[in-house]
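Undergrad: this one's sequence-less:
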C-alpha cells in the first residue's frame, strides 16, 4: 500500500494509476492526514458500504424537512404512463354494441359519447367471434345473422380501432392473475386485464361485472358500462 500527498499525487498520477490497476491500494494525504483511497473498482474495498453503515435516521430527518406528498410516487408514475386519450375495450362491449342485449342501449350511448382512442387486442377479436358462435349454439342467433354481425363490425368499427398484439409477457401476467382464485377470472378475462397492465392503454372499459370487480380489486383503472 502506498501513500502520496496531494502534490505528489498530481505529479505522479500515471504511476499511481498503474499501481492501483495492479491491485494496490493507494492513499492520498493532506498535511499528513489520509483524505482519500484509490482502489480497483473490482476490489472488495471499492464495493459500496453495507446497509448497516447507512444513517437511516439522518435520511428520515432530511425527508421530514420536505412537504408531505399526498400521492405516492408509484401512483404518479403509473398515472403519467397512462395515455389519457385511449381506452382498452373488452369483448363484452363489442358484443353488446352489435348484438341486442340488456346493456346494448347504454353501451351504444357510451360509444357515442366516448372521444378517446379505442383499443382492442387480437384476443378481443378472437373472443368476439367465439361469442357469436356461442350465440348460434344456444339458438339466440342464426349463422347467417352472425355473419352479418361480423361483416358489420369489420366495416364500421374495425377501421377505427388500434389493435394490440399479445406478447409472451401478457400471457405470463394472465397466468399470474388466474392464480388470484378469489377474483373468479376466466382465462379470457385474465388476458384482457393482463393486456391493460402490460401494455398501453391502461384504462379498461368493460360491461362485465366480474372483470370490472377484479380490475378494481387489483387497483387497475377501469370503467364499467352497464
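TA: Right, received. Where do you want to start? Everything numeric in this text was worked out from a predicted model, so none of it was measured.

Undergrad: all helices of the chain, in order?
TA: Secondary structure of the chain, counting by DSSP state H: helices at 6-11, 13-21, 56-63, 73-81, 91-98, 104-113, 122-137, 143-156, 168-178, 187-198, 209-217.

Undergrad: reformat those as TSV; add distance to residue 224 and mean pLDDT.
TA: Yep, even glycine has a C-beta here, placed from its N, CA and C like the rest. What follows is the helices of the chain, written out as TSV (distance: least, Cβ to Cβ, whole Å; pLDDT from 0 to 100):
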stretch	distance to residue 224	mean pLDDT
helix 6-11	69	82
helix 13-21	64	84
helix 56-63	39	72
helix 73-81	20	53
helix 91-98	10	91
helix 104-113	10	89
helix 122-137	17	93
helix 143-156	21	90
helix 168-178	18	92
helix 187-198	13	91
helix 209-217	4	93
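
Undergrad: and these: which comes nearest residue 41?
TA: With distances scored as Cβ to Cβ, the stretch of the helices of the chain nearest to residue 41 is helix 13-21 (9.7 Å).

Undergrad: contacts for that closest one?
TA: With Cβ atoms under 8 Å, 6 or more residues apart in numbering as the test, helix 13-21 has contacts from 2, 4, 9, 26, 38, 39, 40.

Undergrad: starting at the chain centroid, how far to it?
TA: Its chain's C-alpha centre and that of helix 13-21 lie 47 Å apart, by Cα atoms, centre = their mean, to the nearest Å.

Undergrad: end-to-end on stretch 134-154?
TA: Length of stretch 134-154, first residue to last, Cα to Cα, to the nearest Å: 19 Å.

Undergrad: now do stretch 108-118
TA: With Cα to Cα applied, stretch 108-118 spans 14 Å between its terminal residues.

Undergrad: over to stretch 206-222?
TA: Start-to-end, stretch 206-222 (Cα to Cα) is 8 Å.
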